[in-house]
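Novice: any chance you could fold what I've pasted below:
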Amino acid sequence: MKTVKAKTGQGLEDLALQEYGCIEGQVLLWQDNGMGPDTLLYPGQPVLIRNVVEDINGNNQSIARFFAQKGISPANNVEMTSYSPEYVEAGYWIDDYAE
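Specialist: Prediction:
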């Protein structure tokens, strides 16, 4: 086993995608870390990862390699920034456009 640290905004689904190449990898995270579907991660939390990426769905191994080679860390729990209305010019929206 190796240990990775969760990054800001990462949940179990993100780590499963990053390390195992598919969402189904969450089950391995649950088993190896005593976690469950409702477990929330905090930034810097150590998570055990298997050294060998198993063939789970036929293409997950290539996806895991891609993330590793590119240094990509999915993080779907990052809060989105809302934009202030002053960034949209007056008259930009047409109220009945979708009718």
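Novice: which residue packs closest to the spatially most central residue of the chain, ignoring adjacent ones?
Specialist: By Cα atoms, centre = their mean, the mean C-alpha position of the chain lies nearest to residue 14, the distance being 2.3 Å. Spatial nearest neighbour of residue 14, chain neighbours left out: residue 74 (4.2 Å); criterion: Cβ to Cβ, 6 or more residues apart in numbering. In short, each C-beta sits where N, CA and C put it, glycine included.
Novice: quick check: that neighbour is in a helix.
Specialist: No - under DSSP: H, G, I helix; E, B strand; the rest coil, residue 74 falls outside any helix and is assigned coil.
Novice: buried stuff in the least confident helix or strand in the chain by mean pLDDT?
Specialist: Between all helices and strands in the chain, the lowest mean by mean pLDDT, DSSP states H and E belongs to helix 60-70, at a mean of 92. Neighbour counts over helix 60-70 (16 or more other Cβ atoms under 10 Å) mark 60-61, 63-64, 67 as buried.
Novice: again with stretch 40-59
Specialist: Applying 16+ other Cβ under 10 Å to stretch 40-59 flags 41, 47, 49, 53, 56 as buried.
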